[in-house]
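Asker: Pasted the sequence and its predicted model underneath.
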Amino acid sequence: MRIRHWFAIASLSASVWMPCAQAQTATAAAAAPAEVLAKDMREEIVRIPVTVKDMYGRQETRNVAITIFRPPGEGPFPLLVFNHGRSVAAKRAQQGRNRPEVAARYFTAKGFVVLAPTRIGYWETYGDFDPETSGGSCSGMQVEGMSIAASDQVLATVEFAKTLPYVDASRWVVAGQSVGGLTTVATVGRAPAGLVAGINFAGGTGGDPDNKPGNPCRPQAIESYWGSLAKQAKVPMLWMYWQNDKFWGPDVPKTWHKAWLAGGGKADFVAFGPSGEDGHNGLNADMDHWLPVTDEFLSCLGFTKPGIVSRPPASGFTDINDVAKVPVSAASQANYQRFLGLALPRAFAVSDRGGWGSSTGDYAVGRAIGNCQRFGANCKLYAVDNDVVWIGK
């Protein structure tokens, strides 16, 4: 499979406005803000019991929280299971619920139901049982046990998905970032029924970006394990890594990919250029570059529905600085005025309910639409960079 190189430097920021009634509710609850789910994707949280073992053979059953994002309509839709990474022990309770909202907007636009499990040992299940422990030392790190425990939870998520009437679990994709990428590779290596592809964002384990940047623990352990897993793998994969990844560096992932291919696995390796201060976060900070690569990969598998928000041409509706013409309330026009002070690239979206959303930096057009429509309204781009693209209601 081919290795491709892309280069980018990404940065981002975003803002969002809620319609008046919602804004007042949020202000009243400022002391203990309630979580706002993405209404446009019908976001919900369910919990299912899952039984797993750690590398020492200890077996426990705990509840796994699964975040669900759905496209419009009743389906049934193909499934994508998205897996999160792994913080150091002191931070795993604070990692929060797995909810890759921005990436999920792309995947749901492609027609997938996205299920994002928060695995055992993280967030609300952090505590006395960590099925993803890999041993007590860097030199003794073991990856097989943690990989199996993590992928067991993917398979349990798929079994649950089979009970959902709007999901077609006979055709599903597994994806994930960092240890979620490790989980993705492990799942592909088990060749489960219905799996059609795997997408690995900067996958691996054992990195220490603060003390040993680019020099992870025992990279040969992953190289050996993934090489053996590849013998059973049946579906194509897309592997994406960034040059300035402080966890693995630019070269170690290439040895893992070489081992996967040597073992009989199929995977395209895409090497992106630097992204921000740490390319390990490219999933969130470099969508401008991974989106078209992923879209091409999925389209080749038959998932051809458009999912990327594109930049419309200038409409000539009015001048970019004509604040009075922006179709929002007079009070909200001040937010458009602030938008005009943002750096390029930038985008401003408006909703059919008077709401708005804006973004600057990486994938600004998609983020602005998402920031606008997450409250359930229909949104369109009003301005991109220095052009008004709005064509009227």
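Answerer: Perfect, thanks for sending it. Numbering: from 1, shown residues only.
Asker: Quick one: the helices in the stretch 101-250 of the chain, in order.
Answerer: Counting by DSSP state H, counting those that start in this stretch, the stretch 101-250 of the chain has these helices, from start to end: 101-109, 144-161, 179-189, 219-229.
Asker: which one of those is the most hemmed in?
Answerer: Of all the helices of the stretch 101-250 of the chain, helix 179-189 has the most neighbours on average by mean count of other Cβ atoms under 10 Å, namely a mean of 28. Where C-beta positions appear, they are placed from N, C-alpha and C, glycine not excepted.
Asker: nearest to residue 391, of the helices of the stretch 101-250 of the chain?
Answerer: Each of the helices of the stretch 101-250 of the chain has some distance to residue 391 by Cβ to Cβ; the shortest is helix 101-109, at 21.0 Å.
Asker: could you point out where this protein is predicted with low confidence?
Answerer: 1-34, 89 (pLDDT under 70).
Asker: quick one, strands of the stretch 1-150 of the chain?
Answerer: Per DSSP state E, counting those that start in this stretch, the stretch 1-150 of the chain carries strands over the ranges 3-6, 12-17, 44-53, 59-69, 77-83, 113-118.
Asker: Quick one: the helices of the stretch 101-250 of the chain as CSV, columns for distance to residue 326 too.
Answerer: Output for the helices of the stretch 101-250 of the chain, formatted as CSV (distance: least, Cβ to Cβ, whole Å):
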stretch, distance to residue 326
helix 101-109, 24
helix 144-161, 42
helix 179-189, 40
helix 219-229, 51
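Asker: Looking at those, which is nearest to residue 381?
Answerer: Between the helices of the stretch 101-250 of the chain, helix 101-109 lies closest to residue 381; by Cβ to Cβ that is 14.4 Å.
Asker: hmm, who's touching the closest one?
Answerer: By Cβ atoms under 8 Å, 6 or more residues apart in numbering, the residues outside helix 101-109 that reach it are 38, 41, 43, 69-71, 80, 82, 114, 116, 283-284, 287, 291, 294, 305-308, 363, 366-367, 370, 374.
Asker: one more time with 6 Å, if that's ok
Answerer: 38, 41, 69, 71, 80, 114, 307, 370 (Cβ atoms under 6 Å, 6 or more residues apart in numbering).
Asker: still on that earlier bit, just so I know, which of the helices of the stretch 101-250 of the chain lies nearest residue 270?
Answerer: Closest of the helices of the stretch 101-250 of the chain to residue 270 is helix 179-189, at 12.9 Å (criterion: Cβ to Cβ).
Asker: Just want the angle from that closest one to strand 77-83.
Answerer: Angle of helix 179-189 versus strand 77-83, following axes from the mean of the first three to the mean of the last three Cα atoms, to 10 degrees, is 130 degrees.
Asker: From the chain's centroid, how far away is helix 179-189?
Answerer: Helix 179-189 has its C-alpha centroid displaced from the chain centroid by 14 Å (Cα atoms, centre = their mean, to the nearest Å).
Asker: follow-up on the earlier one: the strands of the stretch 1-150 of the chain: which one's closest to residue 269?
Answerer: Smallest distance to residue 269 across those (Cβ to Cβ): 4.5 Å, for strand 3-6.
Asker: Domain map for the chain?
Answerer: As given by automatic domain parsing, the domain ranges for the chain are 16-28+309-393, 42-300.
Asker: Of the contacts of helix 101-109, just say which sits nearest to residue 96.
Answerer: Closest approach between the contacts of helix 101-109 and residue 96, by Cβ to Cβ: residue 38, at 15.0 Å.
Asker: Now that that closest one has come up, it's in contact with residue 375, right?
Answerer: No: counting by Cβ atoms under 6 Å, residue 38 sits too far from residue 375 to count as a contact (8.4 Å).
Asker: if we can go back for a sec, save the strands of the stretch 1-150 of the chain as CSV, and put in mean neighbour count and distance to residue 99 too.
Answerer: Putting the strands of the stretch 1-150 of the chain into CSV (neighbours: other Cβ atoms under 10 Å; distance: least, Cβ to Cβ, whole Å) gives the following:
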stretch, mean neighbour count, distance to residue 99
strand 3-6, 13, 27
strand 12-17, 18, 16
strand 44-53, 15, 9
strand 59-69, 18, 5
strand 77-83, 26, 9
strand 113-118, 27, 6
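Asker: Adding distance to residue 335, write those out as CSV.
Answerer: Listed next are these as CSV, based on distance: least, Cβ to Cβ, whole Å:
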stretch, distance to residue 335
strand 3-6, 34
strand 12-17, 6
strand 44-53, 29
strand 59-69, 27
strand 77-83, 31
strand 113-118, 30
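Asker: Just read off the phi/psi values of residue 333.
Answerer: For residue 333, the backbone dihedrals (degrees, to the nearest 10) come out as phi -60, psi -20.
Asker: need the contact list for residue 188.
Answerer: 198, 233, 237.
Asker: now the residue of the chain most remote from its centre, what's its secondary structure?
Answerer: Relative to the centre of the chain, the most outlying C-alpha is that of residue 324, 37.0 Å out, by Cα atoms, centre = their mean. Three-state call for residue 324 (DSSP: H, G, I helix; E, B strand; the rest coil): helix.
Asker: Skipping its backbone neighbours, what lies nearest it in space?
Answerer: Setting aside the residues directly before and after it, residue 324 is nearest to residue 333 in space (Cβ to Cβ, 6 or more residues apart in numbering), at 7.2 Å.
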